[in-house]
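> model the structure of this input:
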Amino acid sequence: MIGRLRGILVRKEPPSLMLDVAGVGYELEAPMTTFYDLPAVGETVALYTHLVVREDAHLLYGFSQEAQRCLFRDLLKVNGVGPRVALAILSGLPDQEFAHCVAGEDVARLTQVPGIGRKTAERLIVEMRDKLSSDMEAGITGSRSADSAPGNDPVGEAVSALVALGYKPQEASRAVRRLPTKDQNAEEIIRQALKGMAG
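Residues are numbered from 1 along each chain as shown. Sure thing, here's the model as predicted:
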C-alpha cells in the first residue's frame, strides 16, 4: 500500500495531478480541498495517499491532510459510495460542513453533491453519524489557500474540473459564467462555483 508520497508537483489539472518522486511520475486524483493547499508547479509537496485496486486499473488518490484521507476511507465503506462520489463530497462540502450535515440530518444539502440521491444521503447520515465523533470533527480542519499560479485558461480548467467532479457541462458553465473570473486562478474559480451551486 502506498500511504504517502513526497515529490515535485509536475502538473495540477483538477481533479488530477502528477508528482515526480525520485524520477517516477505518480498520477493522482484529489478533492478540491487538497488543490486549495497545493503549492505552485515545480515545488515540493507531500500528500497522504489511498490506493484503489480494480480489475482494470490501480487508482491513486491524494490528500493534503490525513484527516481528509480518513474521511475518504470512511466514505468508501458506505454502500453506494465509490471513489468518484467520495471525491465529490470532499470537494463540494468543507469537512466541517459535511460533519454538520450528517449530525443535523440535512438530506437536502447532501443531495446537492453530484452523484448523491436521497437514498444515498440518508445512508450517509445513518452510517457516518457514529464515525464522525467530536474528536474527528475537531481534527477535520486545516488552512486552505489558493495561491497557485494561474493556468493558461483558468475558466476552462474550472469548468472541466467541475464536470470531472460530476456536474453536468451546462451546469458547470453556468456556475462559472456567473462569477467575476478576471485575475483568478482555476482553484479560486472552482471554490466560488462550488459555493454558489451549494447556495
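> buried residues in stretch 24-38, which are they?
26, 28-38 (16 or more other CB atoms under 10 Å). C-beta: built from backbone N, CA, C; applies to glycine.
> burial count for residue 46?
Neighbours of residue 46 under the rule other CB atoms under 10 Å: 11.
> next SSE downstream of the helix or strand where it lies?
Using DSSP states H and E, residue 46 maps to strand 44-53. Downstream of strand 44-53, the next assigned helix or strand under DSSP H and E is strand 58-63.
> now that following strand: average pLDDT?
If you average the pLDDT over strand 58-63, you get 94.
> before we move on, back to that, determine the set of other helices and strands touching the strand holding residue 46.
Under the contact definition 3 or more CB pairs under 8 Å, 6 or more residues apart in numbering; DSSP states H and E, strand 44-53 sits against strand 4-13, strand 58-63, helix 66-76.
> how much does the second one deviate in direction from helix 66-76?
Calculated by axes from the mean of the first three to the mean of the last three CA atoms, to 10 degrees, strand 58-63 forms an angle of 130 degrees with helix 66-76.
> name the residues that touch strand 58-63?
2, 5, 17, 19, 26-31, 34, 47-53, 69, 72, 83, 87 (CB atoms under 8 Å, 6 or more residues apart in numbering).
> let's see that with 6 Å instead.
Outside of strand 58-63, the residues within contact range by CB atoms under 6 Å, 6 or more residues apart in numbering are 28-30, 34, 47-52, 69.
> buried set for that strand?
In strand 58-63, counting by 16+ other CB under 10 Å, buried: 60-63.
> what is the nearest of the contacts of strand 58-63 to residue 114?
Nearest to residue 114 among the contacts of strand 58-63 is residue 29, at 14.8 Å by CB to CB.
> what is the burial count for the nearest residue to the closest one once chain neighbours are set aside?
Distances taken as CB to CB, 6 or more residues apart in numbering put residue 15 closest to residue 29, at 5.0 Å, once the chain neighbours are dropped. Residues near residue 15, counting by other CB under 10 Å, number 24.
> and stretch 35-53, how far out from the chain middle?
Relative to the mean C-alpha coordinate of its chain, stretch 35-53 is positioned 12 Å out (CA atoms, centre = their mean, to the nearest Å).
> in that stretch, what's buried?
For stretch 35-53, burial by neighbour count (16+ other CB under 10 Å) applies to 35-38, 45, 47-50.
> now stretch 18-28: mean pLDDT?
96.
> endpoints of it, how far apart?
One end of stretch 18-28 to the other measures 6 Å (CA to CA, to the nearest Å).
> can you check stretch 178-194 too?
Start-to-end span of stretch 178-194 (CA to CA) is 12 Å.
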